[in-house]
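Student: I would like to see how this sequence folds:
(chains A, B and C)
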Amino acid sequence: MPDGAYNYAYLDEQTKRMIRRAILKAVAVPGYQVPFGGREMPLPYGWGTGGIQVTAAIIGRDDTLKVIDQGADDTTNAVSIRRFFARVADVATTTRTEEATVIQTRHRVPETPLKEGQILVFQVPIPEPLRMLEPRETETRTLHALSEYGVMQVSLYESIARHGRIAKTYNYPVLVNGRYMMSPSPIPKFDNPKLDRNPALQLYGAGREKRIYAVPPYTPVKSLDFDDHPFEIERWTECCALCGSRESFLDEMIVDDEGKRLYVCSDTDYCQERQGAQAQGKEAP
Amino acid sequence: MSAPLLSARGVTKRFGERIACRDVSFELWPGEVLGIVGESGSGKTTLLNCLAGRLTPDGGTVTYESAAAGTVDVHGLSEARRRLLARTEWGFVNQDAREGLRMGVSAGANIGERLMAIGARHYGTIRQTSCDWLARVEIDLDRLDDRPTTYSGGMRQRLQIARNLVSEPRLVFMDEPTGGLDVSVQARLLDLLRGLVDRFHLSAVLVTHDLGVARLLTHRLMVMQGGKVVEDGLTDQVLDDPQHAYTQMLVASILPV
Amino acid sequence: MYVAVKGGETAIEHSLELLADRRRGDRDVPELSLRQIDEQLALAVDRVMTEGSCYDRELAALAIKQARGDLVEAIFLLRAYRTTLPRFGDTLPIDTARMVAERRISSTFKDVPGGQVLGPTFDYTHRLLDFALMANGEHPAAPTAPVDTTNDLPRVGDILEREGMLEPPPSAENDAPAQDITRTPLTLPASRPVRLQNLARGDEGFLLALAYSTQRGYGNNHPFVGEIRFGAVPVSFVPEELGFAIEIAEIDVTECDMVNQFAGSHDVPPQFTRGYGLAFGHAERKAMSMALVDRSLRAGELSENATAPAQDEEFVLAHSDSVEASGFVQHLKLPHYVDFQSELVVVRTLRAEVEARLQQAAE
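Tutor: A predicted model of the protein is given here:
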């Protein structure tokens, strides 16, 4: 079928308006999960249907889109989503965080600090932070309405009692603007501090579960913890084998049959920018 | 104290055509333990659930003298306020401890939950408080990190009591707290409850079918039959000199100890 | 020096080419036509239309061909197409009493007005492989049964209903426009129209297993097949410009009216209740499963003890959709390097701590 058979950015304008209304509501009530009439997309559920609906509803011809999965622009699903928008929205794409106006991501927040005016769109599999503690939607909605979040603190207590530390590593729960508990999507907790008072707008789309939520620019986002067991992020003793960074999230590669390990930046754009700067003999960013 | 802690006026609850409890009124004063006795099906558990805000009565009102909010109509409160009350000023001890505990997390987390729900954020302090309460309910401290699934029935019930009392509630509702336990385990639990009621100056409404339990723990008794209160008075008076035929039958049916 | 893995774009292109090639298979074998699929794999087409919520035999056949016969994938294709279609409005409810029935059976009465009509069914085949088909033997045309199209075929349920033995179908809800679950998010508790839409789109295997579980004691609802009918019904639509109904199509549907025992409650004397199932095309297994599960989900409304999975509205409605389920299960194939890396870091730390403790204890 020729692409002319579809509306700009795939979704019809009525659907886009419905999604935009949900986004506006989400921005107005930071961290609150707004139900929306999620459509069936030409992408399987769980593969970013929420993210692409949000992106499709906000993208315009002047935008520059970056899509990452696991921090990398060239992972297959990121490639597939970028191609989808290049085709249906005729939009410029980039791999450079700095150039992008809209960044759709799965599982990472870019290392390069975001600026005002940029929008970060997260793909969310399970929007409900309390889901694994309480499977019932009717009950979790009540818990949010009443700010009854003791059960999450209980799970963190239990983790310390069992492991001597909070052993939760990704999808680490946060409290947004002192009110709603929110799932930051399965980003590593390493990225949680970047959510706090970020100048960019964060939009979270869950297609299968039909929820949209948001963190407006400069909104406080606190990772849950205890006074005597404060929130901590992952640290590596190694540095990136390609750019030498000691500040970024590192992926571990197995490079030979003996199980030899090598560590490289998960954020490919950040790593390349640093390598480029080093090649020109400049100070790395 | 000038006001009763809890007052019920004309509380009525129907299930379809059946009236589970009919026009029940009473006052509970601070420091008092009120027993509700009767056979199963007499409406005592329904009444307890109405008092604690877990069921909405079809008629009548329940008012509570809150430390934080003054006199409140239990069923007129928003759900948020009622749930807050239930986890701060009140406690509820279920007959089946599994319903009142989180079976999937440790005893320490069970006791600490109320503290965390009202904002405690120091792991060490929460843990220490859990230890103190475990000791008070006579459970070995080395069971602190064990899950209640590994506990015996009596231990679970004691843990449920600790989990409720940790927030130092003023009023505790108890539904057959000794039901389903061995006689020797029951005796120990009753002893413990009596000590805690005295020590923390607790007020309580206790539902039981066991007149022995009622005699040991309660100051006053209400006898229910077919959803109605047929007799009430001081516990010793009611048990030693029952006036209503149904009460006489209940008293006569206990084996002399 | 290590070079990061690249080339996602080329890999995807190659994968798409391979897929197209494998779909076609051996070029010496003639390609299937959509018409062949429609005519000879008609029940597959029916299922894809039902769960794809789109009555178009040609598109369903195309989806089956493109999906290489994977029906869940075909349903997904049809849904992703359907979602982009503009809405002109709602048709009037179909009236199955006006069905030109090719098959109609009741297991509650030996004979019913209009009679029992067996029609085409697998029920009494002996499930012996027919080797004549292997040899492409042509089957003689069946004698065409005279189908009575002059009279309406009264529903068995209506007859019981007149006597007060069977609850009437809910009428108040019929007046309100039903919420379209493909346009508005599912909120719980759900109304019965919403539940029925969800079940109609639900995966046949999932509903079959749930329905089966009710018969094995997990929420038994004492069912009888009041009636199953299959045939063509007219579809009518009221265009705004005209203001009166016109017939725009005729579609094949399978309807199942399940009659279930009900002990009665404090307010209601004992009577029979019903569960309802409807599917596009000829799909009795689906319609029956749907009817059983519909009845199970009414446990709350009928003050029955809801303890079994099939009675749990939130559990059933949230997990019935094959497109949702298939996508989410298969998303585990996507890279999870980052989450796994975080887990590696913490598990290594925890292991090191335990080992250090054990060593200390040993010394």
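
Student: hey, let's count contacts and neighbours off CA atoms from now on
Tutor: Will do.

Student: nearest spatial neighbour of residue C:233, skipping sequence neighbours?
Tutor: Once flanking residues are discounted, residue C:233 sits nearest to residue C:99: 4.8 Å by C-alpha to C-alpha, 6 or more residues apart in numbering or on different chains.

Student: do you know how far the one you found is from residue C:73?
Tutor: Distance from residue C:99 to residue C:73, counting by C-alpha to C-alpha, to the nearest Å: 31 Å.

Student: surely residue C:113 meets residue C:154?
Tutor: Yes: applying C-alpha atoms under 8 Å as the test, residue C:113 and residue C:154 come out as touching, 7.0 Å apart.

Student: contacts only, for residue 250.
Tutor: Picking chain A for this. A:236, A:239-240, A:263-266 (C-alpha atoms under 8 Å, 6 or more residues apart in numbering or on different chains).

Student: my question was about chain C, not that one.
Tutor: Contact analysis of residue C:250 by C-alpha under 8 Å, 6+ apart lists C:232-235.

Student: the spatially closest residue to it that is not a sequence neighbour sits in which helix or strand?
Tutor: Leaving aside its sequence neighbours, residue C:250 sits nearest to residue C:234 (C-alpha to C-alpha, 6+ apart; 4.3 Å). Residue C:234 belongs to strand C:223-237 when assigned by DSSP states H and E.

Student: what do you get for residue B:60?
Tutor: strand B:59-66.

Student: ok, so what distance separates the closest residue to residue B:200 other than its chain neighbours from chain A?
Tutor: In space, and not counting its chain neighbours, residue B:200 is closest to residue B:168: 7.8 Å by C-alpha to C-alpha, 6+ apart. Residue B:168 is 17 Å from chain A, where distance means C-alpha to the nearest C-alpha, to the nearest Å.

Student: distance of residue B:168 from residue A:42?
Tutor: To residue A:42, residue B:168 is 56 Å away according to C-alpha to C-alpha.

Student: would you list every one of the strands in chain A?
Tutor: Assigned by DSSP state E, the strands in chain A fall at A:34-35, A:64-69, A:92-93, A:102-106, A:119-123, A:174-176, A:180-182, A:201-206, A:211-215, A:221-223, A:250-254, A:261-265.

Student: export those strands to a markdown table and tack on distance to residue C:15 and mean pLDDT?
Tutor: Shown next, in a markdown table, are these (distance: least, C-alpha to C-alpha, whole Å; pLDDT from 0 to 100):
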| stretch | distance to residue C:15 | mean pLDDT |
| --- | --- | --- |
| strand A:34-35 | 36 | 96 |
| strand A:64-69 | 19 | 96 |
| strand A:92-93 | 23 | 94 |
| strand A:102-106 | 22 | 97 |
| strand A:119-123 | 24 | 98 |
| strand A:174-176 | 39 | 98 |
| strand A:180-182 | 37 | 97 |
| strand A:201-206 | 27 | 98 |
| strand A:211-215 | 32 | 98 |
| strand A:221-223 | 41 | 97 |
| strand A:250-254 | 25 | 89 |
| strand A:261-265 | 27 | 91 |
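
Student: now those strands in a markdown table, with distance to residue C:65?
Tutor: Converted to a markdown table, those look like this (distance: least, C-alpha to C-alpha, whole Å):
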| stretch | distance to residue C:65 |
| --- | --- |
| strand A:34-35 | 35 |
| strand A:64-69 | 32 |
| strand A:92-93 | 34 |
| strand A:102-106 | 32 |
| strand A:119-123 | 31 |
| strand A:174-176 | 47 |
| strand A:180-182 | 43 |
| strand A:201-206 | 31 |
| strand A:211-215 | 34 |
| strand A:221-223 | 49 |
| strand A:250-254 | 40 |
| strand A:261-265 | 43 |
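
Student: nearest to residue C:160 among these would be which one?
Tutor: Taking C-alpha to C-alpha, strand A:34-35 is the member of the strands of chain A nearest to residue C:160, at 41.8 Å.

Student: shouldn't residue B:250 be within a helix?
Tutor: Yes: assessed by DSSP: H, G, I helix; E, B strand; the rest coil, residue B:250 belongs to a helix.

Student: confirm for me that residue B:31 is in contact with residue B:201.
Tutor: Yes: between residue B:31 and residue B:201 there is a contact under C-alpha under 8 Å: 5.4 Å.

Student: ok, those two, which is more surrounded?
Tutor: Legend: neighbour count by other C-alpha atoms under 10 Å in any protein chain shown for residue B:31 and residue B:201, higher for residue B:31 (17 against 14).

Student: quick check: that one vs residue B:4, distance?
Tutor: Relative to residue B:4, residue B:31 is positioned 10 Å away (C-alpha to C-alpha).
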